[in-house]
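Trainee: sharing a model prediction with you, sequence too.
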Amino acid sequence: MKSVRTLNELYRVALLEHPKPNAFQVKRGGTYQNVSSEEFARMAAEIAGGLQTLGLSSRDRIAILAETRLEWAAFDCAILSAGFVVVPIYPTLGVDGVEHVLLDSGAKAIVVSTPEQADKIAEFRAKRGRFPLMLMEGERADAIGLEALRERGRSVGRTGLNPVAVEPEDLATLIYTSGTTGLPKGVMLTQGNMATNVSGALAVFDITTADTALSFLPLSHVFERMGGLYSMLLGGCTIAFAESMDTLPQNMLEVRPTILLSVPRVYEKVYARVLDTAHSKGRISLAIFHWAEKVAMARARGGAKGWAHAIADRLVFRKLRERFGGRIRFMISGGAPLSTELALFFHGAGLPVLEGYGLTETAPLLAVNTPKHFRPGSVGKPLPGVEISIAEDGEILARGPNVMKGYYNRPEATAEALAGGWFHTGDIGQFDADGFLYITDRKKDLIVTAGGKKVPPQPIENKLKGDRFISEAVVLGDRRPYLIALVVPNFQVLEAHAREHGIAFENASELVRSPQVRALLEERVRQHQDHAASFETIKKIYVLERPFEMGTELTPSLKVKRKEVTRRFEREIAALYEE
């Protein structure tokens, strides 16, 4: 069964009606161990019973502040099954960010992964008084441990997963948007919003019990929760949890996934690492890689395999596939724009990266490329049941059963976002003749130069980020005479280049101030703009001495906070226009 009306029904169907001995995989004692549907359902049922002993009322909010792991999924299942509402919190948020979510959502309890995460709410709990705290691992005097909570559930006779009856319109979760501007708003997603989006995804993706997915993105983000947990679970796919982002390359080799969900940054890093490896082996190796890259792109555009592809596969593509475990059927990219060139390269190398598009407010998927319907550069066709329209000013509008109920306690923002019965995405886009959707820019990010020229910055930024020497780029120039860019180098590649060419440096600051390095980065930026119009050309760059930081310049989902970047580097930006 691939269609459900609510998340409670989804968990019941996936765990009880279609059980699997290896529903999940978790690293224990140095190796990945199977966790059956039965074991997971028992854990969730006992947690649900334990939650019901806390004195909470039906529909109360319970927050989850934890890294992606099996227990995150178990608590999600338990909270929903017991009739409560899930409020996920990014584990990377600081004290102020966590307190904002707890206060704004009116959460009545919280579960955290570790005692260190619990420290973030110590002050909040001291001011709040009674506020139940639960721990997934470790011990703390003022918290209920996981085993103690499960024992409570067993003591009240809760050993079987019996989700409470809910309707599609009932609130399931409050997800706080990353917030590239202002304070995050709580997006109210119903049981039906999420369930219909899962059903739509499974209608276009062939996910089976033979598949394995590696989960490593934050489950606090709607993309991983809907795609990496709910869709995989209902599709019968085994879900393996990575230990951390640092261990991802090793976990990939151990799990050997067939499906992968990721943000573009991971694909960009893999590409940069492979390119750097080729570069380190000398000119011949680098030339072979660039030749193979052209072969891959030609293949992805519809060319035949032939002898060139066979040789490139033996020399380059096979090694690249092995980095992902050697079994990938397809990978999905979301959360931010993916470079067209990168998508073509991976696709031609036998690693289809299928870009999709959506927002927290749409639960999240609106459109997606699929193995059967794929067009590089686009975000695919609308999901079944989803309507997408382009407004007169180019803004993408959406409606369907997956569109949010509204923003929690924000009636004015809700009315603005849902004006005219359509959700206003804030993105600018267009359809091609075959119905593929293309995102050209964010409506509010569109740069209008002093000369009145309109420039979408994202396509320029994506080209720059595809360069092996550049990790991040932010193009600016609104109401200014020309464009500039703030560039974050790929420090690992840049340091290797500096050593190879005898450029002396003691630290990152000295490295980026080096005249040779500055000239190199300016030339790399120039090379990516050979065919750009004059008003689309970056005239000056400022090279940062450090990467952007999550929580300040980056959202938890790795989107750049353009306004925050502009504020933090105001003097440096002004200097580029004064020179």
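Mentor: Right, received. Where do you want to start?
Trainee: only C-alpha atoms for contact and neighbour calcs from this point on.
Mentor: Noted.
Trainee: is Ile110 in a helix, a strand, or coil?
Mentor: Reduced to three states with DSSP: H, G, I helix; E, B strand; the rest coil, the structure at Ile110 is strand.
Trainee: hang on, isn't it packed against Ile64?
Mentor: Yes. With contacts counted by Cα atoms under 8 Å, Ile110 reaches Ile64, the gap being 5.9 Å.
Trainee: can you pull the contacts of Leu320?
Mentor: Val274, Ala349 (Cα atoms under 8 Å, 6 or more residues apart in numbering).
Trainee: buried sites along the helix or strand containing it?
Mentor: Leu320 is located in helix 318-323, with elements delineated by DSSP states H and E. By 16 or more other Cα atoms under 10 Å, the buried positions in helix 318-323 come out as Leu320, Arg321.
Trainee: what helices or strands is the very next helix or strand once past it leaning on?
Mentor: Counting by DSSP H and E, the next helix or strand C-terminal to helix 318-323 is strand 330-333. Helices and strands touching strand 330-333, by 3 or more Cα pairs under 8 Å, 6 or more residues apart in numbering; DSSP states H and E, are strand 259-262, strand 353-358.
Trainee: can you tell me which of the ones you listed is packed in deepest?
Mentor: strand 353-358 (a mean of 26; mean count of other Cα atoms under 10 Å).
Trainee: any stretches of this protein with poor pLDDT?
Mentor: Along the chain, the model assigns pLDDT under 70 to residues 1-2, 178-182, 579.
Trainee: break it into its domains for me.
Mentor: 7-166+205-233, 263-351, 446-578 (automatic domain parsing).
Trainee: so the closest residue to Ile89 other than its chain neighbours versus Asp313, what's the distance?
Mentor: Closest residue to Ile89 apart from its sequence neighbours, by Cα to Cα, 6 or more residues apart in numbering: Leu65 at 5.0 Å. As judged by Cα to Cα, to the nearest Å, Leu65 and Asp313 stand 43 Å apart.
Trainee: coming back round to it: next one: the helix holding Leu320 to chain centre, how far?
Mentor: 23 Å (Cα atoms, centre = their mean, to the nearest Å).
Trainee: ditto for stretch 187-201
Mentor: 17 Å.
Trainee: and the strands in the stretch 301-450 of the chain, which stretches?
Mentor: 330-333, 353-358, 365-368, 381-382, 387-390, 395-399, 406-407, 423-431, 437-442, 447-448 (DSSP state E, counting those that start in this stretch).
Trainee: one more: the stretch 1-150 of the chain?
Mentor: 24-28, 31-35, 61-65, 85-89, 109-112, 133-135, 144-145.
Trainee: so which of those strands gets nearest Leu248?
Mentor: strand 24-28 (12.2 Å; Cα to Cα).
Trainee: show me what the closest one is in contact with.
Mentor: With Cα under 8 Å, 6+ apart, strand 24-28 has contacts from 32-37, 70, 238-243.
Trainee: for it, output the C-alpha coordinates as PDB.
Mentor: C-alpha atoms of strand 24-28 as PDB (Å, rounded to 0.1, in the frame of the first residue of the first chain):
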ATOM      1  CA  PHE A  24      16.300   0.200  10.100                       C
ATOM      2  CA  GLN A  25      20.100  -0.100  10.500                       C
ATOM      3  CA  VAL A  26      22.100   1.400  13.300                       C
ATOM      4  CA  LYS A  27      25.900   1.300  14.000                       C
ATOM      5  CA  ARG A  28      26.400  -0.600  17.300                       C
END
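Trainee: helices of the stretch 51-200 of the chain, start to end?
Mentor: 70-81, 95-105, 115-118, 122-128, 146-155, 191-204 (DSSP state H, counting those that start in this stretch).
Trainee: quick one, the fifth one and helix 70-81 angle?
Mentor: With axes from the mean of the first three to the mean of the last three Cα atoms, to 10 degrees defining the directions, helix 146-155 sits at 30 degrees from helix 70-81.
Trainee: convert helix 146-155 to CSV, retaining C-alpha atoms only.
Mentor: Output in CSV follows, covering the C-alpha atoms of helix 146-155 (Å, rounded to 0.1, in the frame of the first residue of the first chain):
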residue,chain,number,x,y,z
LEU,A,146,14.9,6.6,27.6
GLU,A,147,14.7,3.3,29.5
ALA,A,148,12.9,4.8,32.4
LEU,A,149,10.4,6.4,30.0
ARG,A,150,9.9,3.0,28.3
GLU,A,151,9.4,1.3,31.7
ARG,A,152,6.7,3.9,32.5
GLY,A,153,5.0,2.9,29.2
ARG,A,154,5.2,-0.8,30.1
SER,A,155,3.8,-0.2,33.6
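Trainee: go through it and flag the buried ones.
Mentor: Leu146, Glu147, Leu149, Arg150, Glu151, Arg152, Gly153, Arg154.
Trainee: can you give me the buried ones in the strand or helix carrying Glu510?
Mentor: Counting by DSSP H and E, the element that carries Glu510 is helix 508-513. Neighbour counts over helix 508-513 (16+ other Cα under 10 Å) mark Leu511, Val512 as buried.
Trainee: can you list contacts of it?
Mentor: With Cα under 8 Å, 6+ apart, helix 508-513 has contacts from Phe491, Glu495, Ala498, Ala504, Phe505, Val517, Arg518, Val543, Leu544, Glu545, Arg546.
Trainee: next structured bit after that helix?
Mentor: Following helix 508-513 in sequence order, the next helix or strand is helix 515-527 (DSSP H and E).
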